[in-house]
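Participant: Sequence and computational prediction follow.
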Amino acid sequence: MEIDLFCQKIKEHYESKLPFMVFAHPESNEITAYLFTSKINSRNDNFEQAGAILAPFDFADNAYFLPIDQTTTITTHVDLSSIHPMTEVPLNEDFLEKQAYEALVQKSIKTIQNTPLKKVVTSRKKEIDLPFLDLENVLKRLFSLYASVFTYCWYHPETDIWCGATPEILVKKKDTSFATMALAGTKKPQNGMVVDWGHKEKNEQKYVVDAISKNLEKITSVIKISKTYSHPAGTLVHLRTDIEGVIKKSRSSLKSIVNALHPTPAICGTPKEVAKQFIDNNEGYDREFYTGFVGIIRPESETTSLYVNLRCMRLQPKKATLYVGGGITEDSNPELEFIETQNKMQTMLQVLHPLL
Ligand SMILES: C=C(O[C@@H]1C=C(C(=O)O)C=C[C@H]1O)C(=O)O
């Protein structure tokens with residue numbers, strides 16, 4: 001289907017207040033939209049039914065799930081070669097927002113120095129007024145951002161619109177084979193220069209590799225861990241290690257692997273419970289679906305792909321709320337951590353640019 005018509009159909013669906021999930025997998029030029037024919041939010045507590053899922057950071061069987069058998073599916077294509085380089089979108093930051101985030105980072109560093117906490121991922125949200133919501137324009141910009149990410153736009157009348165362009169796989173699974181990744185550490189390379197990773201980034205990423213491999217030990221029979229390498233996400237680069245293997249037959253459900261992984265130290269911290277408690281007590285807002293997971297569940301014999309919901313925003317008719325964070329260790333510098341969140345915010349600002 002031609003892209004203008006595709007976007008127009010999604011807009012009409014939104015105006016009828018019916019749920020949808022529009023998505024494109026990394027390196028694919030195909031965009032698929034599942035247009036749901038009722039407002040249902042099915043329970044799919046065992047993750048056994050095929051459909052689209054959006055789960056919050058505080059995941060406890062409270063994910064939104066839209067079953068594939070109640071959809072009309074439409075597809076379109078983007079020309080990946082036409083993807084234009086991003087230009088920085090100027091951002092108005094209140095001094096108080098900067099001060100509040102840097103104080104949160106400072107408190108995290110102090111807690112790391114004085115307690116068993118080793119790494120915690122802190123975050124903030126940024127609300128931006130919109131004159132109106134031009135959904136067709138948002139969709140076109142979102143799906144031509146860049147190719148290396150999972151891009152999605154979700155709507156349900158109870159959640160509003162959530163969209164994002166995330167570089168992080170939570171899990172890919174087909175039968176008993178799975179793949180995941182440890183993604184952490186962020187740099188903004190200048191003019192395509194090779195990234196020189198420092199101790200802080202290597203360390204914060206290693207926490208993720210260690211926790212993922214340890215948590216998977218109980219449920220996997222084979223586990224392979226790749227070398228760590230630089231992985232681009234738009235104008236930023238992260239450190240990435242691929243982890244793949246085979247799940248024990250008796251533990252092979254998608255649910256058991258999600259429970260073993262989420263929340264990883266890439267978006268929560270280590271030790272997990274201490275970090276989670278710190279976030280709940282200090283972050284001062286509800287992350288909702290940011291750092292939860294989003295994706296498409298397929299039948300056992302096909303590939304299910306779930307992604308960590310990063311570089312994302314919530315869209316309401318007159319407001320966009322952007323969510324960003326970063327991993328804090330004892331080597332963090334509060335001002336640089338604030339700048340890192342600004343850099344990460346650029347992804348969704350690119351989408352909103354013409355509306356600002
Ligand atoms: C928390 C975010 O990203 C995560 C944190 C990273 C970091 O601390 O360097 C890098 C990639 C993600 O795992 C975010 O994008 O908001």
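Facilitator: Structure received.
Participant: Can you name the residues of the stretch 1-150 of the chain that neighbour the ligand?
Facilitator: Val121, Ser123 (C-beta under 6 Å from any ligand atom). Any C-beta I mention is one placed from the backbone N, CA and C, and that applies to glycine too.
Participant: Do you have the helices of the stretch 1-150 of the chain handy? List them.
Facilitator: Listed in chain order, the helices of the stretch 1-150 of the chain (DSSP state H, counting those that start in this stretch) span residues 3-15, 95-114, 135-142.
Participant: What parts of the stretch 251-356 of the chain come near the ligand?
Facilitator: Taking C-beta under 6 Å from any ligand atom as the contact definition, the stretch 251-356 of the chain meets the ligand at Ala266, Ile267, Leu310, Arg311, Val324, Gly325, Gly326, Gly327, Lys344.
Participant: Report the two of the residues you listed separated the most.
Facilitator: With C-beta to C-beta as the measure, no two of these lie farther apart than Arg311 and Gly327, at 15.0 Å.
Participant: which residues sit in contact with the residue lying closest to Cys7 once chain neighbours are set aside?
Facilitator: The shortest distance from Cys7 to any non-neighbouring residue, by C-beta to C-beta, 6 or more residues apart in numbering, is to Glu136 (4.1 Å). Going by C-beta atoms under 8 Å, 6 or more residues apart in numbering, Glu136 touches Asp4, Cys7, Gln8, Ile10, Lys11.
Participant: Likewise for Arg43?
Facilitator: Neighbour list for Arg43: Asp61, Phe65 [criterion: C-beta under 8 Å, 6+ apart].
Participant: can you tell me how far the residue in the stretch 101-250 of the chain that the ligand sits nearest to sits from Leu315?
Facilitator: When distances are taken as C-beta to the nearest ligand atom, the stretch 101-250 of the chain approaches the ligand most closely through Thr186, which lies 3.5 Å from it. To Leu315, Thr186 is 25 Å away according to C-beta to C-beta, to the nearest Å.
Participant: ok, now Glu244?
Facilitator: Distance check for Glu244 against Leu315: by C-beta to C-beta, it reads 34 Å.
Participant: do the same with Val258
Facilitator: For Val258 relative to Leu315 (C-beta to C-beta), the value is 26 Å.
Participant: For burial, what's the neighbour tally of Ile257?
Facilitator: The tally of other residues near Ile257 (other C-beta atoms under 10 Å) stands at 25.
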